[in-house]
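Student: Structure here, sequence nowhere to be found:
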Ligand SMILES: Nc1ncnc2c1ncn2[C@@H]1O[C@H](COP(=O)(O)OP(=O)(O)OP(=O)(O)O)[C@@H](O)[C@H]1O
Ligand SMILES: [Mg+2]
């Protein structure tokens, strides 16, 4: 479940850096644009970051007002120095956390430990939020599938995952096709949606539960489908903010939001990464796919979308291949979360008959799918931290 954050600062560069920092940890964080708040998200932010560096009086004022309006809001105050008086005032005004922003001359060690304690505070804010909402409804889970290259199986895996989640849990689930120009999600599911993602983002101002019901197409598994745009260049860069808001609204209505984000890192894919609890990076066991996957893991990290949330999925694996999972893990410096074997007959029969892969009789791929979706529904308590070391094996 994404945390909704607001940033209060007059300094644009600070807002940019703070957004990157907020979004770079293990918890998905959306930055709210106060001008673009849909009815379903009117519940307000979960976290506010207040800049006290230049005008501490105004900042303290903001903290007081926010605290009065939102008793459970996590308020982070940021100053340039750890002045004990200011810390005390900020805490009295209602801040939960106080941070000293590292200056341009800060050592890498200082920056690293600052990042760590900041991300720790974001995690605490997320657990507090969960505790507050406990008992109301399970937190929504957003899963984004992204291909290391075209044809890797991104649509196949996202569609089957979404159908399985809807079928097994009987809870509200939606799949969103973010690809520009006729993505294949609806086609794979054998439905013909009347509306698309574009209708969603063009009607953000009235996008509530009832309106959403009109926009989505229904699959017999119970899954809702928000179909792909038919325009070649949309959703494009100009739509990224709206996509982020759309995904936020969907997370308020659905327990599972599955996104087929295609295989281009554009601003819409990035918006999806920001909303994602988990980003499944789909790769194949061939050198170009692995090289791209490697670059993607780096890129996601660079973009600050939180590489802790990336899980590598190896699709179309076969025993006789030259490159094995272990070698791929070494090359990526990342563990493989799930392997799906190559089985064109089962995959295409499932597709043509509309039977989800998990139900195809006794195939390897059906048990792999079963394990994959069950892990999403009830994650094992310890998820190992991705390993950061890597060796290259001549893949660059
Ligand atoms: N595990 C698998 N074994 C065999 N064939 C597979 C497997 N997964 C997917 N395929 C096949 O590979 C082709 C491409 O799959 P799919 O459309 O899901 O990929 P994609 O990454 O979404 O492609 P695109 O870049 O066009 O969006 C399809 O014909 C699909 O049936
Ligand atoms: Mg596809």
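Tutor: Done, it's in. Not measured: the values here are computed from a predicted model. Ligands and ions are numbered 1, 2, ... in the order given.
Student: Give the closest residue to the most centrally placed residue in the chain in space, chain neighbours not counted.
Tutor: The residue lying closest to the centre of the chain (Cα atoms, centre = their mean) is residue 276, at 1.0 Å. Take residue 276 and drop its neighbours on the chain: the residue closest to it by Cβ to Cβ, 6 or more residues apart in numbering is residue 144, 4.0 Å away. Placement of C-beta: from N, CA and C, glycine included.
Student: Now name the helix or strand holding that neighbour.
Tutor: strand 141-147 (DSSP states H and E).
Student: Give the partner strands of that strand in its sheet and their orientations.
Tutor: With DSSP bridges as the test, strand 141-147 is paired with strand 256-260 (parallel), strand 278-283 (parallel).
Student: check whether that strand contacts ligand 1.
Tutor: Yes - contact of strand 141-147 with ligand 1 (Cβ under 6 Å from any ligand atom) involves residue 147.
Student: thought residue 207 was touching residue 247?
Tutor: No - in this structure residue 207 lies outside contact range of residue 247 using Cβ atoms under 8 Å: 11.2 Å.
Student: If the residue nearest to residue 325 when sequence neighbours are not counted is in a bridge, with which residues?
Tutor: Distance criterion Cβ to Cβ, 6+ apart; nearest residue to residue 325, sequence neighbours excluded, is residue 336 at 5.2 Å. Counting by DSSP bridges, residue 336 is bridged to residue 312.
Student: Would you agree residue 336 is in contact with residue 328?
Tutor: Yes - judged on Cβ under 8 Å, residue 336 makes contact with residue 328 at a distance of 6.4 Å.
Student: ok so, going back, wait, does the next helix or strand after the strand holding residue 144 contact ligand 1?
Tutor: Downstream of strand 141-147, the first helix or strand assigned by DSSP H and E is helix 154-169. Yes - Helix 154-169 comes into contact with ligand 1 (Cβ under 6 Å from any ligand atom), by way of 154-156.
Student: how about the residues of this protein near ligand 1?
Tutor: 147, 150-156, 184, 262-263, 315-316, 340, 342-344, 347-348, 351.
Student: filter these to the buried ones?
Tutor: Burial of those was assessed by neighbour count (16 or more other Cβ atoms under 10 Å); the buried members are 147, 152-156, 184, 262-263, 315-316, 340, 342-343, 347, 351.
Student: So among those, where is pLDDT lowest?
Tutor: pLDDT across those is lowest for residue 351, at 80.
Student: Return the residues in contact with that residue.
Tutor: 156, 188 (Cβ atoms under 8 Å, 6 or more residues apart in numbering).
Student: Can you say which helix or strand has it in it?
Tutor: Going by DSSP H and E, residue 351 is in helix 344-353.
Student: wait, does that helix make contact with ligand 2?
Tutor: No - taking Cβ under 5 Å from the ion as the criterion, helix 344-353 and ligand 2 are apart, separated by no less than 12.1 Å.
Student: mind checking how far that helix is from the chain centre?
Tutor: 29 Å (Cα atoms, centre = their mean, to the nearest Å).
Student: Now residue 115: closest residue in space, sequence neighbours ignored.
Tutor: Residue 115 sits nearest to residue 21 (Cβ to Cβ, 6+ apart), 6.7 Å away.
Student: which secondary structure elements does whatever helix or strand that neighbour lives in contact?
Tutor: For residue 21, the element it lies in under DSSP H and E is helix 12-23. Using 3 or more Cβ pairs under 8 Å, 6 or more residues apart in numbering; DSSP states H and E, the elements in contact with helix 12-23 are strand 3-8, strand 29-31, strand 47-51, helix 108-133.
Student: Dump those to a markdown table, plus mean pLDDT and mean neighbour count.
Tutor: Below are the helices and strands packed on helix 12-23 laid out as a markdown table (pLDDT from 0 to 100; neighbours: other Cβ atoms under 10 Å):
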| stretch | mean pLDDT | mean neighbour count |
| --- | --- | --- |
| strand 3-8 | 91 | 20 |
| strand 29-31 | 89 | 22 |
| strand 47-51 | 95 | 25 |
| helix 108-133 | 88 | 14 |
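Student: Include distance to ligand 2 when you put these into TSV, please.
Tutor: Compiled in TSV, the helices and strands packed on helix 12-23 are given as follows (distance: least, Cβ to the ion, whole Å):
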stretch	distance to ligand 2
strand 3-8	29
strand 29-31	25
strand 47-51	34
helix 108-133	31
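Student: check contacts around whatever residue of the stretch 1-150 of the chain ends up closest to ligand 2.
Tutor: For the stretch 1-150 of the chain, the residue closest to ligand 2 is residue 147, as judged by Cβ to the ion, at 6.9 Å. Shown in contact with residue 147 (Cβ under 8 Å, 6+ apart): 153-154, 262-263, 282-283.
Student: Among the residues of helix 154-169 next to ligand 1, which ones lie close to ligand 2?
Tutor: Checking the residues of helix 154-169 next to ligand 1 against ligand 2 (Cβ under 5 Å from the ion), the matches are 154-155.
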